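Visitor: Fold the following.
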Amino acid sequence: MKIGKINNPVFNSLESEGIKHDYQKVTASITDLARQVQGLNHRAVEQYQPVVEELLRTGCIDTRHIEHTLDGLLDFCGYPPVLQLYKRLCRHYWEINPVATASYINTYRELWDSEPEQKLTSREAGQ
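Guide: Okay, the predicted model is just below:
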């Protein structure tokens, strides 16, 4: 027996209301999730901006501290204010370790950049 759509106006109305309710629940869940992501992005700026500013202000050359900070920033580089912090710290780190910085730039491009670009090589990084 082949089951098709039931041709009953009352049932069809109930089915439509159920779909509408499910759609509203999904939309509300997505909206809530987007708000949470936005909150995390704002918090990342609040947390990382003073760290980056201090690294730049002091001319820090502690590669572990710089790389740890870049690693943390990388998770939030889809948010433009964090991306700006990431770029500023990469510019600083380039003077200290261009090969490692090239790796961070390439990793950013792989994770976040929508346009395929050529990877930086060790030669371009000064090695």
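
Visitor: Show me the shaky parts of this structure.
Guide: Applying pLDDT under 70 to the chain flags the ranges 1-18, 115-127.

Visitor: all helices in it, in order from the N-terminus.
Guide: Shown for the chain, the helices assigned by DSSP state H span residues 9-58, 63-74, 80-96, 98-112.

Visitor: May I see those organised as JSON lines, with mean neighbour count added?
Guide: Yep, even glycine has a C-beta here, placed from its N, CA and C like the rest. Formatted as JSON lines, the helices of the chain follow (neighbours: other C-beta atoms under 10 Å):
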{"stretch": "helix 9-58", "mean neighbour count": "12"}
{"stretch": "helix 63-74", "mean neighbour count": "16"}
{"stretch": "helix 80-96", "mean neighbour count": "17"}
{"stretch": "helix 98-112", "mean neighbour count": "17"}
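
Visitor: so residue 41 makes contact with residue 82?
Guide: Yes - between residue 41 and residue 82 a contact is recorded at 6.7 Å, counting by C-beta atoms under 8 Å.

Visitor: Identify the contacts common to the two.
Guide: Common neighbours of residue 41 and residue 82 (criterion: C-beta atoms under 8 Å, 6 or more residues apart in numbering): residue 76.
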